[in-house]
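Student: predicted model and sequence below, questions to follow.
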Amino acid sequence: MPTDTCYDFPLLKDEVSAIVQDAVLSVLEGNVYDNSKVNDWVNMVTNACIEDLKRLCPNFKYIVTCFVRQRKGAGLEVSSGAYWDEKSDGSCTVSWENATITAVLYVYGLA
């Protein structure tokens, strides 16, 4: 999609999801949970997402949140809500896990 004509976040949702998945995989894939590295991982993932999202469509203001925790079999419930223009603004949620790490990312795009 041309970057100078995108004003509908819902139309970008698949591309946004792919960007987030790529960022998570590039940082977390192959790693074992290490509490001393989580802060760096979270910063690397969120920064990579923001940079790629700005290239995808600079017309939006983006918010990326990243939650990383050790996977030990306990349940995890995460929720988010917003009041916005549903025609132009939107969000995307991506979950990822391996044997020892669970990650949940929320991306918000605001026109």
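Tutor: In hand now; what should we look at? The structure displayed is predicted, hence computed values, not measured ones.
Student: and for residue 54, the neighbour number?
Tutor: The local packing of residue 54 (other C-beta atoms under 10 Å) involves 14 other residues. For glycine as for every other residue, the C-beta is placed from the backbone atoms N, C-alpha and C.
Student: correction: residue 100
Tutor: Using other C-beta under 10 Å, the number of residues around residue 100 comes to 12.
Student: is it correct that residue 60 is in contact with residue 111?
Tutor: Yes. Between residue 60 and residue 111 there is a contact at 6.0 Å, judged by C-beta atoms under 8 Å.
Student: now the common contact residues for those two.
Tutor: Shared contacts of residue 60 and residue 111 (C-beta atoms under 8 Å, 6 or more residues apart in numbering): residue 9.
Student: of these two, who's got more company?
Tutor: Higher neighbour count among residue 60 and residue 111: residue 60, with 23 against 16, using other C-beta under 10 Å.
Student: give me the phi and psi for that one.
Tutor: Main-chain torsions, residue 60, degrees, to the nearest 10: phi -100, psi 150.
Student: who touches it in this structure?
Tutor: The contact partners of residue 60, taken as C-beta under 8 Å, 6+ apart, are 6, 9, 53, 109-111.
Student: nearest residue to residue 16 other than its sequence neighbours?
Tutor: Excluding the flanking residues, the one nearest residue 16 by C-beta to C-beta, 6 or more residues apart in numbering is residue 92, at 4.6 Å.
Student: the chain: helices as residue ranges?
Tutor: 9-28, 38-56 (DSSP state H).
Student: can I get those helices in JSON lines including mean pLDDT and distance to residue 82?
Tutor: Converted to JSON lines, the helices of the chain look like this (pLDDT from 0 to 100; distance: least, C-beta to C-beta, whole Å):
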{"stretch": "helix 9-28", "mean pLDDT": "96", "distance to residue 82": "11"}
{"stretch": "helix 38-56", "mean pLDDT": "98", "distance to residue 82": "17"}
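Student: nearest to residue 85, of those?
Tutor: helix 9-28 (9.5 Å; C-beta to C-beta).
Student: residues making contact with the closest one?
Tutor: 1, 6, 41, 44-45, 48-49, 52-53, 56-57, 60, 64, 68, 86-92, 94, 96, 98, 101, 103, 105, 107, 109-111.
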